[in-house]
Every structure is written in structure tokens, then in C-alpha cells.
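>>> Pasting a predicted model and its sequence here:
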Amino acid sequence: MTSAEVTRRRAMGAGLGALAGALAGCSGASGPVRRLRLATGPEGGPYNAFGQALAQAVAASGHRIEIVPVSTAASVNNLRKLDDGSVELALAMADAAEDAVLGREPFPRPTPVTALARVYVNYTHLVVAADGPVRSVKDLAGRPVAAGAAGSGVQVVTERVLRAAGLSGAPAPVSTPAPTSTPAPTSAPAPAADERPLGLAASVSALREGSVDALFWSGGVPTPALAALARELPLRFLPLDDYVGPLRERYAPVYTAVTLPAGVYGLTEPVGTIGVGNYLMARADVPQDAVRDLLRVVFDRWRDLLREVTAGARLEPRFAISTGEVPLHPGAVAHYRSVYG
């Protein structure tokens, strides 16, 4: 046998050994890496930041799962993607998630989605120029308002606040009063706010340029884009806590009273507003072992995941399992029982 033949056989043997090793890695006990697409939100937004951080944390964890963040319009869009199978995981605000599960507008039927954890709370921001004409929600009548991107959870909560204030273009429920001998005097309803479907970056630009009189935003505190705007333009953050009760009464207790603290955005005193939870969600057919591995990473690395999203937040099991009408994924149930009893 020539030296060339020896070299060729050694090379073939090494190649076959490498191939066998690769096949063993794919079919052995460890199994293949499972790829899970995660619907997040627009680039530069908090959902997108969370998704990117989660993908990095999972990649460093050693678990055989891969998270692939997908940029979207956020909550409503994400839930639709979960339903049609174009993603396996998603982030969504609690109100939109309950609408999907219950088949409420804008979802035409109940959507079979599940929650893995309630990960943090969004704070609803209603922001106006400090020297502008708007001092309350009622002052938005007939005025242009940045209402959140189409398909976002911001748009959902904006529409509900404006409806509660009598400023929505949506028709109000009709009630029939008891007949009286003298008709009661009536007053013309306030004109609806001019809702414009703008995402956060476009909303900030529009308020800066004066093409809208207010912007709604729902996100962590502080939201970097709003903090930057507050450094260049005097702003007023309007209280919304008076609307928590009406929203809870009509749409269930996904809405809570929270406070923008003094100091953030240059505020000299706290501002009461509306809190809405954010859920990490999954299709029901995502394997339980993948869900359990993912949740181990979420709870091990929650400080890193929330650092760029909302300051001072904590992730605790009793908080994480509070997902209201949205059922927990069986893998999530198994994780919480195995770790916390």
C-alpha cells in the first residue's frame, strides 16, 4: 500500500468518524437543537429588546433550544402569528391575550394559545407637550393623537381609554331610558379624538414636530425613547388612574393601578396610570421539555432580560403564574410544580 493510499484511507476514516459523531449528536439522548421562533415587536422597542436578550441567554445556557426573534407590530399581530403557526412563541399584553383566548374583538373566534409566564408590567403613558393645550383626556376631543401602531397592544388600551372617556370613534352602547312627559335636554357628544396608528418612533417624531397633540404608549419605565424626548422638549404626563376602575369593570382585572415615579422623565411628583401585564406565550403544541428548558433560562437570567425593558422590576413565581383567563402551557405547569411545589 502506497503512502498516498494510507493517507486517503486515514482521511476517509476520519470523515466517517466525524459523520458518525454528528449523527449520534442528532439522534442520541441529547437530541437535536429545537428552533423556536419568538414574535417580539418593532426594532428598537422593548419587546424586541427582550427577545434579543432572551435569544442570547438561551444560546449561552447549554440547553438544546434556539430562540429566533421575529420583528412584528407587537401584541395583536403576535397572537395572530401564534394562531397561524408562523411562530411558536410570542410576547403579548395581557388584555390582547385575553381578547384572543375569549374570542373578543379584534379576534373573530377564541384562539388556542397558552402562557408561559407573566414577565413584567407595562405602564400606560399619555404624553403631551408641557406648553400645549391638553391637560386631561377629555381635552383630546377632536385632536390628533398618536394611538399606537396597527396591530399593537398600545392601540388596544388607547382605544379603550378613549372609549371610556367618550372620545372614541367606535359606537357607544345604546340604552333606552324610561319615557317621561318632558324630554330630557341633550347635549351633543364630544367629537372623537383623531386616532393615528403610529408606532413609538413615529409617535415621538410627531409629538416633537407638533403634528399630534398627544401620544399614547404602553411600556416599561423608563422607556428610553420618551426619556430622550423629555431631555429635549418639556413634557407633561397625564394621569390615567381614574380609568382603571371602568376598564376593570368592562374588560376584567388585567388592568391595575400603577404609578410613574417622581424622578423618571424629570417628573417632580408621581403620576397615577394604568398597568397591563406582559405575557410570554406559546402555542399549545410546543413540546413540554422545550418549555421547561426555556423557563429555567427565564428565571435564571431575568435580571438581564428586564434590564433594557423596565427598571426595578422583579420576576417572581407568584407573579409569573398570574395569567388570568389565559391558560398556562402544560410544560409551564410542570416547571412551576417541579421547582416551587
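Structure's in. What do you need? Every value quoted in this text rests on a predicted model; they were computed, and no experiment measured them. Residues are numbered from 1 along each chain as shown.

>>> check which helix or strand covers Val221.
In this assignment (DSSP states H and E), Val221 forms part of neither any helix nor any strand.

>>> for it, what are its contacts?
For Val221, the contact set (Cβ atoms under 8 Å, 6 or more residues apart in numbering) comprises 123, 260-261, 264, 310-312. (Glycine included, C-beta is placed from N, CA and C.)

>>> Looking at those residues, which are in strands?
The strands in this structure, assigned by DSSP state E, contain 123, 260 from those.

>>> any idea which of the contacts of Val221 has the most stuff around it?
Tyr123 (24 neighbours; other Cβ atoms under 10 Å).

>>> So the nearest residue to that residue once chain neighbours are set aside versus Pro32, what's the distance?
Residue nearest to Tyr123 in three dimensions, not counting chain neighbours: Val221, with 5.1 Å by Cβ to Cβ, 6 or more residues apart in numbering. Taking Cβ to Cβ, to the nearest Å as the criterion, Val221 is separated from Pro32 by 40 Å.

>>> repeat for Val128
As defined by Cβ to Cβ, Val128 lies at a distance of 53 Å from Pro32.

>>> And these two? Which one has more around it.
Val128 (23 against 10).

>>> doesn't that one fall inside a strand?
Yes. Under DSSP: H, G, I helix; E, B strand; the rest coil, Val128 falls within a strand.

>>> Surely it and Pro234 touch.
No. At 10.2 Å, Val128 and Pro234 do not qualify as touching, with contact defined as Cβ atoms under 8 Å.

>>> Could you check stretch 191-205 and say which residues are buried?
By neighbour count, with 16 or more other Cβ atoms under 10 Å as the criterion, the buried positions of stretch 191-205 are 192-200, 202-205.

>>> For those, give me JSON lines that also has secondary structure.
Written out in JSON lines, the entries for the buried residues of stretch 191-205 read as follows (three-state DSSP):
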{"residue": "Ala192", "secondary structure": "coil"}
{"residue": "Ala193", "secondary structure": "coil"}
{"residue": "Asp194", "secondary structure": "strand"}
{"residue": "Glu195", "secondary structure": "strand"}
{"residue": "Arg196", "secondary structure": "strand"}
{"residue": "Pro197", "secondary structure": "coil"}
{"residue": "Leu198", "secondary structure": "coil"}
{"residue": "Gly199", "secondary structure": "coil"}
{"residue": "Leu200", "secondary structure": "helix"}
{"residue": "Ala202", "secondary structure": "helix"}
{"residue": "Ser203", "secondary structure": "helix"}
{"residue": "Val204", "secondary structure": "helix"}
{"residue": "Ser205", "secondary structure": "helix"}
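
>>> Closest one of these to Phe216?
For Phe216, the nearest member of the buried residues of stretch 191-205 is Ser203. The distance, counting by Cβ to Cβ, is 7.8 Å.

>>> For that closest one, give its distance to His335.
Per Cβ to Cβ, Ser203 is found 37 Å from His335.

>>> How about Leu116?
To His335, Leu116 is 8 Å away according to Cβ to Cβ.

>>> if I look at the two, which residues touch both of them?
Residues within reach of Leu116 and of His335 at once, by Cβ under 8 Å, 6+ apart, are 291, 295.

>>> What are the boundaries of the helices in the protein?
In chain order, the chain shows helices spanning 3-27, 46-59, 75-84, 94-102, 153-164, 200-209, 224-232, 244-251, 288-300, 302-307, 317-320, 330-340, with DSSP state H as the criterion.

>>> Now distance to Gly277 too, for these, in TSV please.
Below are the helices of the chain laid out as TSV (distance: least, Cβ to Cβ, whole Å):
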stretch	distance to Gly277
helix 3-27	39
helix 46-59	13
helix 75-84	11
helix 94-102	4
helix 153-164	10
helix 200-209	19
helix 224-232	20
helix 244-251	13
helix 288-300	15
helix 302-307	13
helix 317-320	9
helix 330-340	15
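
>>> right, so of those helices, which gets closest to Ile274?
Among these, if distance is taken as Cβ to Cβ, the winner is helix 244-251, at 5.6 Å.

>>> CA atoms of that closest one as PDB?
C-alpha atoms of helix 244-251 as PDB (Å, rounded to 0.1, in the frame of the first residue of the first chain):
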ATOM      1  CA  VAL A 244     -58.600  51.800  35.900                       C
ATOM      2  CA  GLY A 245     -62.000  51.100  37.500                       C
ATOM      3  CA  PRO A 246     -64.100  51.400  34.300                       C
ATOM      4  CA  LEU A 247     -61.600  49.300  32.400                       C
ATOM      5  CA  ARG A 248     -61.500  46.600  35.000                       C
ATOM      6  CA  GLU A 249     -65.300  46.600  35.200                       C
ATOM      7  CA  ARG A 250     -65.700  46.200  31.400                       C
ATOM      8  CA  TYR A 251     -62.700  44.100  30.500                       C
END
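
>>> Give me the residues contacting it.
The contact list for helix 244-251, computed with Cβ under 8 Å, 6+ apart, reads 95, 98, 160-161, 164, 254-257, 274.

>>> same thing but 6 Å
In this structure, residues lying in contact with helix 244-251 by Cβ atoms under 6 Å, 6 or more residues apart in numbering are 160, 164, 255, 257, 274.

>>> wait, which of those residues is closest to Leu215?
Leu215 lies nearest to Ile274 out of the contacts of helix 244-251, by Cβ to Cβ, at 15.0 Å.

>>> Now that closest one. Nearest residue, chain neighbours left out?
Thr124 (4.1 Å).
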